[in-house]
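Q: After the sequence you'll find the predicted model.
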Amino acid sequence: MVKRVTLRKRNSYHTKSNKIWQVRTPGGRLVVQYADKIAAGPHCKESKKRLSGIPRLRPRKYAGLAKTDITVSRAYGGVLNHSIVKDRIVRAFLTEEIKVIKKKMQQKKAK
């Protein structure tokens, strides 16, 4: 059975930012506790997928965390997904290989 309680905030509407639950204190009073909104968490800038290894927090909560908790220890750690970084590395390697091959072909033509 739901008991009547007094809200602590001024917002009286049933919105996402105003979720509450009732808790009985050790003194026997029934009080209201407010729930934090569920965060979407950081996403990759290119693939729009969630970044693994980084907690899903509200934006202001990241300010209290250490840098090691916000990022992942690799290139573009807290920004890009691992598959995007892998593709970039492979693409860079292949373009360098193509440059070397073209240079060798030009040297052969010159001879």
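A: Perfect, I can see it now. Numbering: from 1, shown residues only.

Q: Could you use CA atoms for every contact and neighbour count after this?
A: Noted.

Q: Looking only at the longest helix along the chain, what residues are buried by neighbour count?
A: As assigned by DSSP state H, the longest helix anywhere in the chain is helix 82-110. By neighbour count with 16 or more other Cα atoms under 10 Å, helix 82-110 contains the buried residues 82, 85.

Q: Which stretches in this structure count as helices?
A: Using DSSP H, the helices of the chain run over 67-70, 82-110.

Q: what residues go with each domain of the chain?
A: Here the domain parsing of the chain from automatic domain parsing is 1-37, 38-110.

Q: okay if I get those domains as JSON lines plus mean pLDDT?
A: Below are the domains of the chain laid out as JSON lines (pLDDT from 0 to 100):
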{"stretch": "domain 1-37", "mean pLDDT": "91"}
{"stretch": "domain 38-110", "mean pLDDT": "94"}
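
Q: Mean neighbour count, the ones you listed: which tops it?
A: domain 38-110 (a mean of 13; mean count of other Cα atoms under 10 Å).

Q: first vs last residue of that domain, how far apart are they?
A: In domain 38-110, first residue to last residue: 65 Å (Cα to Cα, to the nearest Å).

Q: One more: stretch 3-20?
A: With Cα to Cα as the measure, stretch 3-20 spans 13 Å from end to end.

Q: Identify all contacting residues around it.
A: Identification of contacts with stretch 3-20 by Cα atoms under 8 Å, 6 or more residues apart in numbering yields 22, 30-37.

Q: Enumerate every residue touching the residue most central in space within the chain.
A: With distances taken as Cα atoms, centre = their mean, residue 42 lies nearest the centre of the chain, 1.7 Å away. Residue 42 makes contact with 50-51, 54, 56, 78, according to Cα under 8 Å, 6+ apart.

Q: farthest-separated two in the residues you listed?
A: The span of those, defined through Cα to Cα, is set by 56 and 78 at 12.5 Å.
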